[in-house]
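Novice: Requesting a structural model of the entry that follows:
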Amino acid sequence: MNFGASTWLWTSPFDGSDVSLLHKIAELGFSCVEIPVEDPQTLDAEKIAAALQETGLQAIVCAAVVGERDLSSSDPAKVQAAEAYLQACIDLAVTWGSSLVVGPLYAPVAKRRLPTEAERQAEWSRSVAGLRRMAQAAAHAGIRLGIEPLNRFESDMVNTAEDALRMLDEIDHPGIGLSLDSFHMNIEEVDFCKAVEAAGSRLLHLQVSDSHRGVPGEGNSDWNGLREGLRRIGYDATVSIESFSPDTSSLAEAVCIWKRFAASQDEFARKGLQFLKAWSA
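Specialist: This next block holds a predicted model:
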């Protein structure tokens with residue numbers, strides 16, 4: 001497996017105006033970097049591409065699906081905004097030599113609603129149709145999409161690997177698969193091993209932190225079950241640390257990061273990588 005870290009661990013938003021963070025991630029020993037795309041218009045894509053080339057880091061594009069970016073909406077303007085945003089993420093993946101765009105692509109994070117069952121099914125169907133279109137666009141560009149289940153406090157649409165696999169079955173396109181996150185799994189999955197095993201070859205990417213969003217290995221996540229599941233499916237892609245900084249993150253309040261889990265975010269990354277290497281050995 002390859003090990004990566006999200007730029008969200010240190011800062012948000014990351015716009016590429018200062019690429020020293022990418023050099024730091026490489027120097028810490030990571031081979032991959034997750035680059036969240038909060039606003040495609042403000043990113044210095046070429047500067048980031050040059051830094052990726054210099055550091056040798058492999059990029060994975062992480063979509064920030066929020067606000068008006070809503071494939072599940074009955075409002076055509078919101079669906080158009082979502083598709084334009086996801087197309088921008090695909091284009092950035094091409095620019096950065098990335099093969100993946102991952103995230104909760106089906107609906108905005110923390111979309112506030114209490115829909116009827118009919119409304120819920122209509123939203124699901126619109127997301128399936130939209131993701132099929134985007135999977136076609138991604139495949140045309142040589143990119144694959146990975147839908148990420150979120151915990152119940154952040155989404156009511158896709159919470160488990162089983163939910164995601166049902167959506168993938170309905171989308172029925174090879175350009176889209178599954179991305180799991182151990183933090184959300186710790187809330188929603190009954191059995192880490194079985195969830196990963198069910199995902200099988202459709203698992204394209206794995207994000208990790210511990211049960212409290214802290215340093216991997218320092219919480220109560222089922223690391224043994226996760227490792228066994230990955231071994232059973234022969235997973236050999238990236239395991240990437242995703243957490244957030246309480247100091248320099250526009251997302252700290254949204255993700256409820258009120259305190260730090262290490263003396264510095266560098267130490268968080270260093271300790272997390274050390275644990276992951278020993279865990280996967």
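Novice: Residue 137 touches residue 87, doesn't it?
Specialist: Yes: look at residue 137 against residue 87 with Cβ atoms under 8 Å: they come within range, at 6.1 Å. Heads up, the C-betas are built off the backbone N, CA and C, glycines and all.
Novice: Which stretches in the stretch 151-281 of the chain count as helices?
Specialist: Ranges of helices in the stretch 151-281 of the chain, per DSSP state H, counting those that start in this stretch, are 161-171, 182-188, 192-199, 223-233, 265-280.
Novice: Can you work out which residues contact both of residue 137 and residue 87?
Specialist: Jointly contacting residue 137 and residue 87 under the rule Cβ atoms under 8 Å, 6 or more residues apart in numbering is no residue at all.
Novice: if we can go back for a sec, closest one to residue 143 among the helices of the stretch 151-281 of the chain?
Specialist: helix 161-171 (15.2 Å; Cβ to Cβ).
Novice: Give the helix, strand or coil label for the closest residue to residue 277 other than its chain neighbours.
Specialist: Sequence neighbours aside, residue 3 is the residue nearest to residue 277 in space, at 7.1 Å (criterion: Cβ to Cβ, 6 or more residues apart in numbering). Under the three-state scheme (DSSP: H, G, I helix; E, B strand; the rest coil), residue 3 adopts strand.
Novice: just the strands in the protein please.
Specialist: 2-6, 32-37, 58-63, 100-103, 144-147, 176-181, 203-208, 238-241 (DSSP state E).
Novice: Save those as a markdown table, and put in mean pLDDT and mean neighbour count too.
Specialist: Shown next, in a markdown table, are the strands of the chain (pLDDT from 0 to 100; neighbours: other Cβ atoms under 10 Å):
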| stretch | mean pLDDT | mean neighbour count |
| --- | --- | --- |
| strand 2-6 | 97 | 22 |
| strand 32-37 | 98 | 24 |
| strand 58-63 | 98 | 24 |
| strand 100-103 | 98 | 26 |
| strand 144-147 | 98 | 26 |
| strand 176-181 | 98 | 25 |
| strand 203-208 | 98 | 25 |
| strand 238-241 | 98 | 24 |
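Novice: Tabulate these in JSON lines, adding columns for distance to residue 170.
Specialist: Listed next are the strands of the chain as JSON lines, based on distance: least, Cβ to Cβ, whole Å:
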{"stretch": "strand 2-6", "distance to residue 170": "29"}
{"stretch": "strand 32-37", "distance to residue 170": "26"}
{"stretch": "strand 58-63", "distance to residue 170": "20"}
{"stretch": "strand 100-103", "distance to residue 170": "19"}
{"stretch": "strand 144-147", "distance to residue 170": "12"}
{"stretch": "strand 176-181", "distance to residue 170": "11"}
{"stretch": "strand 203-208", "distance to residue 170": "18"}
{"stretch": "strand 238-241", "distance to residue 170": "26"}
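Novice: what's in contact with stretch 188-196?
Specialist: With Cβ under 8 Å, 6+ apart as the test, stretch 188-196 has contacts from 149, 151-152, 159-162, 180, 182, 185, 203, 221-222, 225-226, 228-230, 232-233, 235.
Novice: rewinding a little: want to try JSON lines for the helices of the stretch 151-281 of the chain, with distance to residue 245 and mean neighbour count as columns?
Specialist: Listed next are those as JSON lines, based on distance: least, Cβ to Cβ, whole Å; neighbours: other Cβ atoms under 10 Å:
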{"stretch": "helix 161-171", "distance to residue 245": "28", "mean neighbour count": "19"}
{"stretch": "helix 182-188", "distance to residue 245": "16", "mean neighbour count": "21"}
{"stretch": "helix 192-199", "distance to residue 245": "26", "mean neighbour count": "21"}
{"stretch": "helix 223-233", "distance to residue 245": "23", "mean neighbour count": "17"}
{"stretch": "helix 265-280", "distance to residue 245": "5", "mean neighbour count": "18"}
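Novice: Quick one: closest of the ones you listed to residue 66.
Specialist: helix 182-188 (16.5 Å).
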